[in-house]
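A.B. asks: following is a predicted model, sequence given first.
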Amino acid sequence: MDKILRIDMGAKGGPKARVDTLGDYAGLGGRAMTSAIIAKEVPPTCHPLGPDNKIVFAPGLLGGTSASMSGRISVGYKSPLTGGIKEANAGGQAAQVIARLGYAAIVFEGQPGDGKLFQIFIDKDGFNIQPADELRMLGNYDLIEKLKGQYNKKATFISIGPAGEMKMHVSSVACTDREQRPTRHAARGGSGAVMGSKGVKVIILDDTGTKRIAPKDVEAFKAANRIFSDGMKKHPVTGEGLRAYGTNVLTNVLNEAGGYPTRNFQRGRFEGKDKISGETIAALEVERGGSDEHSCHTGCIIKCSGIYNDKDGNYLTKQPEYETVWAHGGHCEIDDPDAIAMMDRLDDDYGLDTIEMGAAIGVAMEAGIIEFGDAEGAINLLHEVGKGTPLGRILGGGAASVGKAYGVVRIPVVKGQSMPAYDPRAVQGNGVTYATSTMGADHTAGYAVTANILAVGGKVDPLGPAGQVELSRNLQIATAAIDSTGMCLFIAFPLLDQPETFQALIDIINSLHGLSLTADDVTALGKSVLTTERNFNIAAGFTSAHDRLPDYFKTEPLPPHNVVFGVTDKELDTVFNW
């Protein structure tokens, strides 16, 4: 990965591509790469859907190798949803293919002035840009079905659905999995809208004729990878819970903890949780001839995904993840797994962030547009979004958009982005992360569920403010570093509990690149990424006033524990003091 592919979609005479050296970006990968490019090259005050914004696709430092769990891709841009810098992360095959093609990043800049749509093909021999107006408004599933027969059966696709073309702020970028299904999404913050603003409908990647990236020290790499993989397999979260029941194993866990946001964050427990739990859905998948195990990308050894078939045994969607099940389930008081799976399918097809979309529907329910628990009504609302009706456009603007349009007070957002499936009053470390993350309310930015709920890496009482700032700070630093490697964030569970697995990760990086990094260097990387992102946001107009939860989390006690968010504003302002 020694070059950057830049494609100017607004070039005179039509889109033009060029290959650059890494220059100032040498040694960076994943989130470190995307945030560095956005921070240096995008004016912080530009309109996110204008020609000055860019969208960057970057594999991590370990992309294109045989390192276990190293297939995540980072997508970076200025977010139309938050107005700040953004990195959205996805699985699928794209990162490995881009890396094996030799690119540390693919950057789209400018925009066509005539509203044309394009498809971009990239392989080892170069690239080809063609008009794609005949693909306009196709859903991701129909799009890939139409295209995959025209290319190598192992080709990988990065695409947007109708929501991205309509530049909706909840729109996502889809990456295909090993079976060429558009199920892995860089979803948060409106990535699809930015890709759509560049006139890019689909990127086709073919790494035929390429090889895995070879380590500088092959034997040291293999030895470190064995230790690392063993650590993944023996940890109870990555080796047992996630593999058996997927991420939705957390439904019962968070519900028992009283931190499962229900009825638009009015309660911490959902009576219908047994019907939509990870255990229930995994059993249903097997019963219908699907699967309760699936790897979203080559090299994954956790296999936390699955295959969800409909009642007739036909493929419907991938196993809905915990946040998706919550967003369309407990948050909306819907306990029908088939309805939730259908909404997951529609989100993937239209190209929508399941978290933001479910949160928007929950706010719409509180506004009285439909009733809580109305699964059919929720599905119909998704179709409104897909068609781009006036109501669909409001929903497609996200939870904050719906709340403003209908005068709702309880809007669970920070920096314009909706909170995921952990109530900040009952998981207060996550509340700190929601408030202070550069990304808006984002659980993956500093997943305090580790120590708050699962007792991984120590134990911090989830119901009180003590220790939460330090917990969130350390996790945000670690997460920024992990996102830069291209590793799946779930590796954090063993890393926090197993010092030898953490050291193995460092040894993998060192043996691959011929480096001598230490744990302190990993920490320094995470801090550097966060500093870059925060500086961009400050230049974009963000202040400490944006690092706050909505007031009702501080004043409305959450049943069953009847607690409020107790971390003070003064404490929140110390998160990035290092």
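C.D. replies: That came in fine, so what should we check first?
A.B. asks: ok, and the closest non-adjacent residue to residue 476?
C.D. replies: Counting by CB to CB, 6 or more residues apart in numbering, residue 476 lies nearest to residue 446, which is 3.9 Å off, once chain neighbours are set aside. C-beta here means a position set from N, CA and C on the backbone, and glycine is covered the same way.
A.B. asks: what sits against that neighbour?
C.D. replies: 429, 430, 432, 433, 437, 472, 473, 475, 476, 479 (CB atoms under 8 Å, 6 or more residues apart in numbering).
A.B. asks: is residue 317 bridged to anything, and to what?
C.D. replies: residue 308 (DSSP bridges).
A.B. asks: please name the residues that touch it.
C.D. replies: 183, 308, 341, 342, 344, 345, 348.
A.B. asks: which ones among the residues you listed lie within helices?
C.D. replies: Judged by DSSP state H, those include 341, 342, 344, 345, 348 as members of helices.
A.B. asks: those residues into TSV, with extra columns for distance to residue 16, neighbour count and pLDDT?
C.D. replies: Formatted as TSV, these follow (distance: CB to CB, whole Å; neighbours: other CB atoms under 10 Å; pLDDT from 0 to 100):
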residue	distance to residue 16	neighbour count	pLDDT
341	43	25	98
342	42	21	98
344	38	26	98
345	37	21	98
348	32	25	98
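A.B. asks: which of those sits closest to residue 118?
C.D. replies: residue 348 (22.2 Å; CB to CB).
A.B. asks: quick revisit: of the contacts of residue 317, which pair is most distant in space?
C.D. replies: 183 and 342 (14.2 Å).
A.B. asks: tell me the backbone dihedrals of the spatially most central residue of the chain, please.
C.D. replies: Geometric centre of the chain, nearest residue: residue 89, 4.1 Å, by CA atoms, centre = their mean. Residue 89 adopts backbone torsions of phi -120, psi 140, taken as degrees, to the nearest 10.
A.B. asks: kindly state the domain boundaries assigned to the protein.
C.D. replies: 3-205, 225-572 (automatic domain parsing).
A.B. asks: turn those domains into JSON lines, columns for distance to residue 215.
C.D. replies: Output for those, formatted as JSON lines (distance: least, CB to CB, whole Å):
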{"stretch": "domain 3-205", "distance to residue 215": "7"}
{"stretch": "domain 225-572", "distance to residue 215": "5"}
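A.B. asks: so what touches stretch 531-542?
C.D. replies: Contacts of stretch 531-542 (CB under 8 Å, 6+ apart): 35-36, 38-39, 44-45, 78, 83-85, 87, 415, 438-439, 546, 576.
A.B. asks: which helix in the protein runs the most residues?
C.D. replies: From DSSP H, the single longest helix across the chain is helix 519-539.
A.B. asks: mind listing the helices for the stretch 251-400 of the chain?
C.D. replies: Assigned by DSSP state H, counting those that start in this stretch, the stretch 251-400 of the chain shows helices spanning 273-276, 278-287, 322-328, 337-350, 354-366, 375-387, 390-395, 399-406.
A.B. asks: residue 18 and residue 320, how far apart?
C.D. replies: Residue 18 is 41 Å from residue 320, where distance means CB to CB, to the nearest Å.
A.B. asks: now for the helix-or-strand element of the chain with minimal mean pLDDT, which elements pack on it?
C.D. replies: Among the helical and strand segments of the chain, the one scoring lowest on mean pLDDT, DSSP states H and E is strand 291-294, with a mean of 85. Contact here means 3 or more CB pairs under 8 Å, 6 or more residues apart in numbering; DSSP states H and E; on that basis strand 291-294 packs against helix 242-245, helix 278-287, strand 305-309.
A.B. asks: just send those back as TSV, with mean neighbour count too.
C.D. replies: Shown next, in TSV, are these (neighbours: other CB atoms under 10 Å):
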stretch	mean neighbour count
helix 242-245	20
helix 278-287	19
strand 305-309	23
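A.B. asks: need those in JSON lines with mean pLDDT and distance to residue 96, can you?
C.D. replies: Shown next, in JSON lines, are these (pLDDT from 0 to 100; distance: least, CB to CB, whole Å):
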{"stretch": "helix 242-245", "mean pLDDT": "87", "distance to residue 96": "21"}
{"stretch": "helix 278-287", "mean pLDDT": "95", "distance to residue 96": "26"}
{"stretch": "strand 305-309", "mean pLDDT": "94", "distance to residue 96": "16"}
